[in-house]
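[1] Here is the input, now give the coordinates:
(chains A and B)
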Amino acid sequence: MRHRLGPGKPNKIRSLILIAACFLIAAETTVAVADSVPYDTYNYDYRENIVPTPAAYVPLRSVSGVSLLWNDESIGAFQSPEDLCVSADNKVYLADTGNKRVVVLNLAMTEVLEVIDSYDYNGTKTEFGSVTGLAISNSNQLYIADKTAKRVIVLESADKDRKYVKCIENPQSELFSEDFSFTPTKVTVDYADRVYVIAQGKTEGIMAFDENGEFTSFFGTIGVSLSPWQKFWRRLATKEQRAKQQMFIATEYTGVDIDEAGFVYATYIDENAKRSVQRLNPKGMDVIVAGENGNLSGDLDYFGTSDYSGPSMIRDVVYRGKGLYSVIDSKRGRIFTYDAEGNLLYIFGGLGSQAGTFYTPVAIEAIGNMILVLDKNRGEIQVFTETEYGQLINQAVALRYDGDETQAVDKWMQVLKKDENFELAAVGIGKAYLTAGDNEKAMHYLRLGNSRLYYSIAFKRYRNAFLKQHLGQILTVAIILVVLYAVIMKILSKKNLIRKQEEVW
Amino acid sequence: MLKKYFSKEKLLYPFHVLTHPVDGFYEIRHRGMGSVPLAILIMIVFSFCFSMNRMMASFVVNDVDPRSVNSVTELGAVMLLYFLICVGNWSITCLMNGEGRFKDILTAVGYSFLPMIFAFVIGTVFSQIVANDETAFYRIIIGIGVIWTGALLLVGIMTIHNYTLGKTLVTLVLSFFSICLIIFIGIVFFDLIDQVFGFVKSVYTELLFRT
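    Residues are numbered from 1 along each chain as shown, chains lettered A, B, ... in the order given. Presented below is the predicted three-dimensional model:
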């Protein structure tokens, strides 16, 4: 080093200072990255204890309307935006509800590509009422749920000039009551252009429409469960009392998304904090898989009496591919990510006014390694980007979803290095050792991961192998013991020791 | 002293009671075969075996977080419950023509817990070699211990007081209520003490600030 910097004493000192400075800078940056998130990152272990984890996602930046330009003018702040949508060609659609328009941004969310504020409805140019839901079909058509105009408007893709295609309004069916009025709030569309609409006040389920916009059926239901105590009181009450009691009606869905196979992910607010997400198959049946504790409703530990306590209020869901989906909780502003088996992978986000926190999160979307959350009150999109920890988990889960458990082991090992309490990683490694036939190592990791079922399988194999190997020795020892026992008994009885003992009693 | 309570004969006697409960408890009452220190010792060992089972039984059968087990607190709880049961039973049977003295109740209840010690020890060792679908065997071991202890308790109380079965059951239910009463009075007592203490303390501080 001295030679490179040149001869002489002053240079030596300078190089030392330089090296020290380098170390200082390196130390500063690593610490800053690890500690700078303004929210709690944690997970729940097998016993439902809270375990702190590294951050899986960190805030990248926030996007507000003020800094965005359209025709060389600022488009102004977003007014209580309600929904967010990402198309397959990587554009971000934002329902700017208060400003009665749809804003289309590029992937980096630095440029405005389009501002849609009206459509050609039967020859007359009509402005939007209040846009509350957005969806993009496979053919890039834009589906807009307009709550005040009471219709779902379908517009062509951008390269076809956003021409008006059709709209869904005033659906007819004998299933509706006479005073029914169609008020769509959220919309999603599957690969065959079937449309699923959440309508305000429609507690029967999601409204499903065929590709021509005809109502087909209600889709999915939210079960209502009564506690035994409530049932008991209803049994005691008279008919008049019962009529005046609070009715037990299912809540409405709060958000929808759809996966590539046409399964609808729908969220709702579950007061029992058990299930807040459904995965509806084409028949409308819930086929979601929950993890070992049966919970798909965000926080497990929410007791207390403050405004901040109480079950999570799941507002929206985004399907992120490979069975992974994230839900957003508006109660505490947290984002919970689950895998296809219902395991809670990581938690991040929170309420507040710092970057990376929200006032009223209403919608969530994902692009690549980023997660976008729309804050209605602040009119901002908060952008999160994955850390190495989050990336490793995502990759491992994806590999596992594809059945590549052996390849996933490598990722799980790295996850364990960053967070040795991550049970899913331990189970993943244990399972791989189990298939590889290394029962002892499998037992170790499965024990760490608290997986009774797989631990038992590994243990059984280990036990059988042990018995097979040592059966000879075990039997020899047993025979020797039996013979010894017989001999000793004989000697003892000869000395009349046993009879003496019996006399004592 | 030690010889009197822990002679070889007395040490072996609980094992005799295990298999001959009626005769055994009769002789404890009438021939002085029991030993109160030995009964207390059995309860202490039982408490440690209970904690050991919770802590060390294989996680296949055991849902307890080992970090949450504290054998000393559990010892305190077990001993407290033991004396509560004995005092509760004694306070009822005194009034209902029970022949047993307090030391007989202590001995009978203490000796009855011997099968649980065996069940916990054997169960804990056995749990190390069971897999998920064989946990029923472990549960049977613990179950036998519980049933045996229950039977010994019933027969013990019945024999030392010279009761019929029906009367024993009635006194057991009444004992339960008397235990609840003792606990209630205890809580009220401690609360009162606390309030008196608080009063004295506030008077003291008041006087202190006055000067």
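
[2] How about residues contacting the one helix or strand residue A:265 maps to?
    Counting by DSSP states H and E, the element that carries residue A:265 is strand A:264-268. For strand A:264-268, the surrounding residues in contact (CB atoms under 8 Å, 6 or more residues apart in numbering or on different chains) are A:188, A:190, A:196, A:198, A:206, A:219-220, A:222, A:251-259, A:276-280, A:314-317, A:319, A:325, A:327. All C-beta atoms are positioned from the backbone trio N, CA, C, and that covers glycine.

[3] repeat that with 6 Å
    Residues outside strand A:264-268 that contact it (CB atoms under 6 Å, 6 or more residues apart in numbering or on different chains) are A:196, A:222, A:251, A:253-258, A:276-280, A:314, A:317, A:319, A:325, A:327.

[4] same check, this time on stretch A:410-418
    A:54, A:389, A:392, A:393, A:395, A:396, A:422, A:425, A:428, A:429.

[5] The first one contacts residue A:389, correct?
    I take that to be residue A:54. Yes. If you go by CB atoms under 6 Å, residue A:54 and residue A:389 touch, sitting 4.5 Å apart.

[6] With neighbour count and pLDDT as added columns, please give the contacts of stretch A:410-418 in CSV.
    Output for these, formatted as CSV (neighbours: other CB atoms under 10 Å in any protein chain shown; pLDDT from 0 to 100):
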residue, neighbour count, pLDDT
A:54, 17, 92
A:389, 22, 93
A:392, 24, 94
A:393, 28, 94
A:395, 19, 93
A:396, 28, 93
A:422, 26, 92
A:425, 27, 92
A:428, 26, 89
A:429, 27, 92
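
[7] What confidence value was assigned to residue A:461?
    In this prediction, residue A:461 carries a pLDDT score of 93.

[8] measure it to chain B for me?
    10 Å (CB to the nearest CB, to the nearest Å).

[9] what's the closest non-adjacent residue to that residue?
    residue A:439 (4.8 Å; CB to CB, 6 or more residues apart in numbering or on different chains).

[10] To what extent is the one you found buried, counted in neighbours?
    21 (other CB atoms under 10 Å in any protein chain shown).

[11] how about stretch A:125-140: buried residues?
    A:126, A:128, A:130, A:131, A:132, A:133, A:134, A:135, A:136, A:137 (16 or more other CB atoms under 10 Å in any protein chain shown).

[12] Now the residue in the stretch 401-505 of chain A that chain B sits nearest to: closest residue in space that isn't a chain neighbour?
    Per CB to the nearest CB, residue A:456 is where the stretch 401-505 of chain A lies closest to chain B, at 3.3 Å. Among residues not flanking residue A:456 along the chain, residue B:132 sits closest, at 3.3 Å (CB to CB, 6+ apart).

[13] if I look at the residue positioned nearest the centre of chain B, how far off is residue A:188?
    Relative to the mean C-alpha position of chain B, the nearest C-alpha, by CA atoms, centre = their mean, is the one of residue B:82, at 3.4 Å. Applying CB to CB, to the nearest Å, the value for residue B:82 to residue A:188 is 64 Å.

[14] which stretches of chain B aren't confidently modelled?
    Low-confidence segments of chain B (pLDDT under 70): B:1.

[15] pretty sure residue A:373 is in a strand, no?
    Yes. Applying DSSP: H, G, I helix; E, B strand; the rest coil, one finds residue A:373 inside a strand.

[16] pretty sure it contacts residue A:361?
    Yes. The pair residue A:373 and residue A:361 qualifies as a contact (CB under 6 Å) at a distance of 5.2 Å.

[17] list the residues that contact both of these two?
    Counting by CB under 6 Å, 6+ apart, nothing touches both residue A:373 and residue A:361.

[18] and stretch A:141-160, which residues are buried?
    Under 16+ other CB under 10 Å, the buried positions of stretch A:141-160 are A:141-147, A:149-155, A:157-158.

[19] what's the farthest-apart pair in those residues?
    A:150 and A:158 (26.0 Å; CB to CB).

[20] need the residues of chain A near chain B, please.
    Neighbours of chain B within chain A, by CB under 6 Å from any CB of the partner chain: A:47, A:452, A:453, A:456, A:459, A:460.
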